[in-house]
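Novice: Sharing a model prediction with you, sequence too.
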Amino acid sequence: MCGIIGYSGPLDAGKILLDGLSGLEYRGYDSAGIGLCMEDTSICIAKKVGKVKNLREYCEANVHGTAHSGIGHTRWATHGGVTDANAHPHRAGRVTLIHNGIIENYHELTEQFHLEGQLVSQTDSEVAARVLDALYDGDPLKAIQKLQELIVGSYGFCILFDDQPGSVYALRKVSPLVASYTHAGAIIASDLTALIPYSNQYFVVPEDKIVRLTPYKVHVYNMDETFSKVYPEIMTVNWNMDAAMKNGYPHFMMKEIHEQPEAMKNTILPRISKGLPDFSDDKIPDEIFKDCNQIHIVACGTAMHTGMVARALMEPILRIPVTVTIASEFRYEQPLIDEHTLVLVISQSGETIDTLAALRLAHEYGSKTLAIVNVKGSTIARESDYVLYTHAGPEIAVASTKAYSVQLAALYMIGCRMALVRGKFTEKQAMDFLSDLLDVIPAMETMIAQEQMIKGVVSHIIQSLDAFFIGRGLDYAFSLEGALKLKEISYIHAEAYAAGELKHGTIALISDQVPVIAIATQEHVFSKTISNIREVKARGAFVILLTKEGSVVDDNLADIRIRIPDVDDRFTVFPIAVVLQLIAYYASLGKNLDVDQPRNLAKSVTVE
């Protein structure tokens, strides 16, 4: 995920861009840059690896003069490593460009326009800049139209042309952009947070339209022969951010499902150094991982389910006890913890009352605490001994999606670091583990791209009063969250069971056509799970089977089969989570329910 801002107006463009980038920094902060059209019409580019403060300091020392228009960008690396050269903006001839998204055919464009040997970065974005410069004949609208016809992928572009001083051009497909003409001038950005300081009036940039910002107006053009004007609907921010940040998605939940791959990058990438997990910037010392003889995970709801996955992952690797307790139970128990216990406290908001009380109880027992939270400065973050922030950005939908994924990513990295410092992993094993963790990001993107197929799966589920999820080992831990998602937003009674327990009572609940979502991704128990699936199928269940692409099963084993990419068994939770979230989403939608605000539930539980 990248942050984009463009400005044209009477004020100091450098200050507006830097301030806007600070507000957008959660969208990416491995590097940042600005491109300014100076008063003498020259283009000044400044970009630096690291956070926006690095760029601000660099600009204060090195950028002289005044500019009244420009573009700015914060980056998460997708194409190319974290270097000044790979940071945006990219300059090519008469074009200066920033980009959010992925250009899928950048290699073909490189060959088509003979760009080999010209590129100074490793990015797909520079390819777009050089293609645009090659297409430019003095008419920005025509050049942008030609670029749009050539590019395959998702993008949000902001562009400066050398011979168009004072104008900022923009184009988007999928990647969000919002714009406004304000008392301060014209502003465009990837997020409303950059606009709100200047105006509560804005419009969503329509896809495949060209936007031109000038000091006194925002113009929007169709890409037809005459570039006819478009007049988008002007909307008002009512200062309730819930109503202002869907960015074209029908619901926050769908938006947040789609945001998961980028949220994963935001959480993982800053904590990798030389291929190994590194919490130095989080000020988390290795001693807390070395000195403990047990781990106790405390959380509620979805966060507790991440703990269940972490327990199934960590115990076989670390060979120490890992206990997961619901926070509301922990706080009233006399837990078997002491100064040699590491207590992991998980909360998206950092304000969950039961989890906060559990944290305080852990301190009374002398345990070291490490909080995994999303909100900086929250109570749990302040009171914990150490904190690992997830970088999910705001999650508005009540049913948690991206918070679940990033909490899992954080727990996986903790498990990897613990294994490394305790001698259970070699450096090579730790590097391979993190490589496998990064591999789940494209796997999640693959499943998101199949949302319409998954939508077709739920037609049978929404006709039922009950649904059951089954699996073994890690698959069982995944099932718990799938059942919670379905019940909380579709109001279908859903339960998860360890598949091996079916004949100990649960199979009595299986009747003709009752939906059973069976997860079978763990190779060491795969055949056992398949046998359990045959048992429910023999009782008439309607089976939806989730397996890896390469798994071999009989065609008649399930009514529907959903295949996920062939990632390592320990990491299948991530693409599986996307599937289960989409099943719940479309079940709720199919029943005409309020997806984002299900009955009786609130986002942050701050009362007991």
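Specialist: Done, it's in.
Novice: quick one: contacts of the least confident helix or strand in the chain by mean pLDDT?
Specialist: Sorting the helices and strands of the chain by mean pLDDT, DSSP states H and E puts strand 235-236 at the bottom, at a mean of 75. Here strand 235-236 makes contact (C-beta atoms under 8 Å, 6 or more residues apart in numbering) with Asn200, Gln201, Tyr202, Phe203, Val204, Ala244. Heads up, the C-betas are built off the backbone N, CA and C, glycines and all.
Novice: export the next helix-or-strand element following it as PDB, just CAs?
Specialist: Elements were assigned by DSSP states H and E; along the chain past strand 235-236, the next helix or strand is helix 252-258. Written as PDB, here are the backbone C-alpha positions of helix 252-258 (Å, rounded to 0.1, in the frame of the first residue of the first chain):
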ATOM      1  CA  PHE A 252     -16.000  -1.800   4.900                       C
ATOM      2  CA  MET A 253     -15.700  -5.500   5.400                       C
ATOM      3  CA  MET A 254     -15.100  -6.100   1.700                       C
ATOM      4  CA  LYS A 255     -12.600  -3.300   1.600                       C
ATOM      5  CA  GLU A 256     -10.800  -4.700   4.500                       C
ATOM      6  CA  ILE A 257     -10.700  -8.200   3.100                       C
ATOM      7  CA  HIS A 258      -9.100  -6.700   0.000                       C
END
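Novice: Touching helix 252-258 from outside, list them.
Specialist: With contacts defined as C-beta under 8 Å, 6+ apart, helix 252-258 is touched by 242, 245-247, 249, 395-397, 399, 401-402, 448, 489, 578, 581-582, 585, 595-596.
Novice: about what we covered before: partner strands of the least confident helix or strand of the chain, parallel or antiparallel?
Specialist: strand 201-204 (antiparallel) (DSSP bridges).
Novice: The helix or strand that the strand it pairs with is followed by - contacts with which helices or strands?
Specialist: Following strand 201-204 in sequence order, the next helix or strand is strand 210-214 (DSSP H and E). In this structure, strand 210-214 packs against strand 3-8, helix 140-150, strand 168-173, strand 185-189, strand 217-221, with contacts taken as 3 or more C-beta pairs under 8 Å, 6 or more residues apart in numbering; DSSP states H and E.
Novice: among these, which is nearest Leu589?
Specialist: strand 168-173 (24.5 Å; C-beta to C-beta).
Novice: Please point out which parts of the closest one sit buried.
Specialist: Neighbour counts over strand 168-173 (16 or more other C-beta atoms under 10 Å) mark Val168, Tyr169, Ala170, Leu171, Arg172 as buried.
Novice: now this protein, which segments are flagged as low pLDDT?
Specialist: Along the chain, segments meeting pLDDT under 70 span 1, 23, 25-29, 76, 174, 237-245, 375, 377-378, 600-608.
Novice: residue contacts, the nearest residue to Val211 once chain neighbours are set aside?
Specialist: Sequence neighbours aside, Ala170 is the residue nearest to Val211 in space, at 4.1 Å (criterion: C-beta to C-beta, 6 or more residues apart in numbering). Neighbouring residues of Ala170 by C-beta under 8 Å, 6+ apart: 6, 156-159, 177, 179, 188, 205, 210-213.
Novice: now Ile320
Specialist: By C-beta under 8 Å, 6+ apart, the neighbours of Ile320 are Cys292, Asn293, Gln294, Ile295.
Novice: any idea how this structure splits into domains?
Specialist: Domains of the chain are assigned by automatic domain parsing as 3-243, 255-445, 450-601.
Novice: So for the protein, the centremost residue is which one?
Specialist: Taking C-alpha atoms, centre = their mean, the centroid of the chain lies closest to Ala263, which sits 2.3 Å from it.
Novice: what's near enough to touch that residue?
Specialist: So Ala263 contacts Met1, Thr390, His391, Ala392, Gly393, Lys402, Ser405, Val406 (C-beta under 8 Å, 6+ apart).
Novice: Tell me the one among those nearest to Lys229.
Specialist: Nearest to Lys229 among the contacts of Ala263: Met1, at 31.2 Å, using C-beta to C-beta.
Novice: Export the buried residues of strand 168-173 as JSON lines, with columns for distance to Lys217.
Specialist: JSON lines is the format used below for the buried residues of strand 168-173 (distance: C-beta to C-beta, whole Å):
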{"residue": "Val168", "distance to Lys217": "12"}
{"residue": "Tyr169", "distance to Lys217": "14"}
{"residue": "Ala170", "distance to Lys217": "14"}
{"residue": "Leu171", "distance to Lys217": "18"}
{"residue": "Arg172", "distance to Lys217": "19"}
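Novice: So which of those residues is the closest to Leu97?
Specialist: Among the buried residues of strand 168-173, Tyr169 lies closest to Leu97 (C-beta to C-beta), at 9.4 Å.
Novice: How about the contacts made by that closest one?
Specialist: Pro140, Ile144, Phe157, Cys158, Ile159, Leu160, Phe161, Ile210, Val211, Arg212, Leu213.
Novice: and the fourth one, which of the three is it?
Specialist: This means Cys158. Three-state call for Cys158 (DSSP: H, G, I helix; E, B strand; the rest coil): strand.
Novice: what's the neighbour count on it?
Specialist: 31 (other C-beta atoms under 10 Å).
Novice: Just to check, it is in contact with Val168?
Specialist: Yes - at 5.9 Å, Cys158 counts as touching Val168 under the criterion of C-beta atoms under 8 Å.
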